[in-house]
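Visitor: Sequence and predicted structure, then a few things I'm wondering about:
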Amino acid sequence: MQQLMKRIAVSDKCVACGSCVVNSEFLTETPEGFAIPVDPGLITEVQYLDFKEVEVSCPVQAISVEDEYITGHSGSEALVKLKALISEKLDNFSIPYPSQSDYDFVENNYEAPPLLTKDMSAKVYNSYDKADREGFNAFKDTMYSQQKALIQAVCINYKTKQLKKFSYYNKTEGNYFYDINREIAKTLGEVVVLGQAISNNQLNLPADFSEFDVGPDFGFEGESYCYRLRHLERYDWNTGMKEAEFFKTYINVEDYGDGYKYSLVEAEKTFREYIVFGLSMQMYKELDPKIETLYKKYSEVFQETLNKKLSLLKSELKKHINLESSPNVNQDAIIQQIKSLVNETKSIPLKKESVFRSIDTDYDSSFRFSSHSKASEAAQNRVWRLYKECSNYLEIGNADRISFDLANKYQTQLESTVNTFKKKLQAIYDKHGMAYPNFTLELDCGAYIILVDLSDYNQVTSHINGGIREFIDENVIGWGRGIDKENYFSYSDLSYDVIESITWKQGLFGEKEVPVFCYHYFSGEFLSGFYRAIEACCDYVFESGYMRTLVFKVYESLQQEVKQKIIPTLKK
């Protein structure tokens, strides 16, 4: 017999007296002491007989118990409502992207360890220049030589404080993966309790079905996807740091009787500040791609794991719930609903897809070269790398090309449309207590076919991106040259300046002026043209006859498959 369930709720009137938690196993408390229901917050009518005393004895009437609406129905009606809950909370669950504020390296939040042991030099020097030179030597020997150790200390502090929640899966509140997994596990536990209630405990599910553990080293290799985050201090960050000579002006020489002493106080303070500043200028470009890669892998394994659980759950629900299928079901009405669904699907317009390509434009403008020619050579190499990165993206090839990115987006869009159709079609069968059709629709996409198995709950996948890529390669950016990138940007749009300045270096007869050079390059016009070329490609593909023909084929094939395979089974 189907069990009727009740749902416990605790309002914000709770004053954290604790008496209800002591007297009931169905309530627990937050770290602040307020009462909350033990997940999933559901009890049977029999359990409610004992719990009612706890409810009515609450001094501020913060506890309430209501009938659970799904178990108030039976058969196909209960199944439809439970599957609607599953769809809302699980099928359509969107994994939140890591908040940048959670992993962003903010220099004000970190400092390099102190190095200074005394304010002034112990020795008194007989000249200003001598004290200045010795101060600089002392700075290099006692401070600048420790640069790597200081960088490592800051990196270890940063990765422990901010990155650990992304680089490891720990079952502690605040861990990025655990917080998401816990929400899924809670919902799985709820739908299992409800499913067992409306099926009279007939669902054959593993004991750990409601557990959900996905993250680094739980479903995918942590070292492969989190190595940079876990071992930040092992990498070379010196390229973004200042040379020792930069800090020379911060070494102070002060009168001391008849002589001079040097002070490294300001140099030490500035040096430590620039350690953190140098890291802040490098971290974002290093970590953003790593976080994105980790998110994509987590999302992939997360979805695979959840789909397997939902497929088993839905199959068990369908198998064991007593569906009130009746010979009096209006077959014509069902046929009309399915036809309406097909027409609804066919009316979904193709949406234009766009892609964004992140380009690395960083370079160290503070680096000083010993000659104009060396600075010029470095500048030429940098602008050439930028040009090739942009140019290659708009050429034919495998991954890391616009054809790959854009084709995948259109494939995802069409698969989503077909998956929505499948889900709504199954909902029609659920509503009328009918078994799903045990066959597969074959949607013609020209050289490719989308297979839609109506008897299972798996997401539809396809390889139609291959055909779209071929079209883009051949007709848009390849031989057909629908879009010629040279009309939008060229190497000549990039320019650079070599700038000369003077530094002081210690020579045999004292300090002398030495010319040094750096470069600045200009890419604004070039990048503007590059992004306009990308947008032109996206426009061309969207407006092309190829995409419209492809979508038309999919929709027409869907209509024919439904007409030939589904409708005849309903007319018998």
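Guide: That came through, no problem. Numbers count the residues shown, from 1 in each chain.

Visitor: which residues sit against stretch 422-439?
Guide: Residues outside stretch 422-439 that contact it (CB atoms under 8 Å, 6 or more residues apart in numbering) are 75-76, 79-80, 83, 87, 91, 318, 323-326, 329, 334, 337-338, 341, 452, 454-455, 457, 460, 565-566, 569. Placement of C-beta: from N, CA and C, glycine included.

Visitor: What about these, which are in helices?
Guide: Cross-referencing those against helices under DSSP state H gives 75-76, 79-80, 83, 318, 334, 337-338, 341, 569.

Visitor: Pipe those residues into CSV and attach pLDDT and neighbour count per row.
Guide: Shown next, in CSV, are the ones in helices among the contacts of stretch 422-439 (pLDDT from 0 to 100; neighbours: other CB atoms under 10 Å):
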residue, pLDDT, neighbour count
75, 77, 15
76, 77, 19
79, 84, 25
80, 84, 18
83, 87, 24
318, 80, 18
334, 91, 18
337, 94, 17
338, 95, 19
341, 97, 17
569, 88, 12
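
Visitor: farthest-separated two in those?
Guide: 75 and 341 (22.5 Å; CB to CB).

Visitor: in the stretch 101-250 of the chain, which spans are strands?
Guide: 215-216, 219-220 (DSSP state E, counting those that start in this stretch).

Visitor: Single out the most deeply packed of those strands.
Guide: Mean neighbour count, computed with mean count of other CB atoms under 10 Å, is highest for strand 215-216 among those, reaching a mean of 25.

Visitor: Can you spell out which helices and strands pack onto it?
Guide: Using 3 or more CB pairs under 8 Å, 6 or more residues apart in numbering; DSSP states H and E, the elements in contact with strand 215-216 are helix 176-198, helix 222-230.

Visitor: Can you name the element that comes right after the last one?
Guide: Just to be clear, that refers to helix 222-230. Later in the chain than helix 222-230, the nearest helix or strand by DSSP states H and E is strand 252-256.

Visitor: Check which residues of whichever helix or strand comes after that following strand are buried.
Guide: For strand 252-256, the following helix or strand on the C-terminal side (DSSP H and E) is strand 259-263. Buried residues in strand 259-263, defined by neighbour count with 16 or more other CB atoms under 10 Å: 260-263.

Visitor: among those residues, which two are most distant?
Guide: Using CB to CB, the buried residues of strand 259-263 span at most 10.3 Å, a distance reached by 260 and 263.

Visitor: Let me know the distance separating residue 26 from residue 192.
Guide: Here residue 26 is placed at a distance of 17 Å from residue 192 (CB to CB, to the nearest Å).

Visitor: now residue 107
Guide: Per CB to CB, residue 107 is found 48 Å from residue 192.

Visitor: Please apply the same query to residue 395.
Guide: Look at residue 395 and residue 192: by CB to CB, they are 52 Å apart.

Visitor: Same check on residue 488?
Guide: Distance of residue 488 to residue 192, computed by CB to CB: 56 Å.

Visitor: For those two, work out which one has more neighbours and name it.
Guide: Each of residue 488 and residue 192 has its neighbours counted (other CB atoms under 10 Å); residue 488 has more, 21 against 18.

Visitor: Quick check, the more buried one in contact with residue 525.
Guide: No. The criterion here is CB atoms under 8 Å, and residue 488 misses it with residue 525 at 10.6 Å.

Visitor: Where does the prediction get shaky in this structure?
Guide: By pLDDT under 70, the low-scoring segments of the chain are 1, 321-329, 364-367, 504-511, 572.

Visitor: domains of it?
Guide: 5-68, 328-572 (automatic domain parsing).

Visitor: Quick one, which of these gets closest to residue 117.
Guide: domain 328-572 (25.2 Å).

Visitor: so how far is the closest one off the chain centroid?
Guide: Centre-to-centre, domain 328-572 and its host chain are 18 Å apart (CA atoms, centre = their mean, to the nearest Å).

Visitor: Would you map the strands across the stretch 301-450 of the chain?
Guide: Counting by DSSP E, counting those that start in this stretch, the stretch 301-450 of the chain has strands at residues 440-444, 449-453.

Visitor: right, and these - which one's nearest residue 200?
Guide: Of all the strands of the stretch 301-450 of the chain, strand 449-453 sits nearest to residue 200, with 28.8 Å by CB to CB.

Visitor: which strands and helices sit next to the closest one?
Guide: With contacts defined as 3+ CB pairs under 8 Å, 6+ apart, strand 449-453 has these neighbours: helix 402-431, strand 440-444.

Visitor: Quick check: the spatially closest residue to residue 566 that is not a sequence neighbour vs residue 570, distance?
Guide: Leaving out its chain neighbours, the residue that sits closest to residue 566 by CB to CB, 6 or more residues apart in numbering is residue 437, at 5.8 Å. To residue 570, residue 437 is 9 Å away according to CB to CB.

Visitor: So for the two, which sits in the more crowded spot?
Guide: Neighbour count, other CB under 10 Å: between residue 437 and residue 570, residue 437 has more, with 18 against 14.

Visitor: Include distance to residue 158 when you put the strands of the stretch 101-250 of the chain into JSON lines, please.
Guide: Putting those into JSON lines (distance: least, CB to CB, whole Å) gives the following:
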{"stretch": "strand 215-216", "distance to residue 158": "18"}
{"stretch": "strand 219-220", "distance to residue 158": "24"}
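
Visitor: Looking at those strands, spot the one closest to residue 281.
Guide: strand 215-216 (27.3 Å).

Visitor: How far off centre is the closest one?
Guide: The chain centre lies 13 Å from the centre of strand 215-216; the measure is CA atoms, centre = their mean.

Visitor: Also stretch 47-54?
Guide: Centroid separation for stretch 47-54 versus its chain: 44 Å, with CA atoms, centre = their mean.

Visitor: can you check stretch 115-128 too?
Guide: Computed by CA atoms, centre = their mean, the chain-centroid distance of stretch 115-128 equals 52 Å.

Visitor: again with stretch 20-29
Guide: Put simply, stretch 20-29 sits 37 Å off its chain's centre (CA atoms, centre = their mean).
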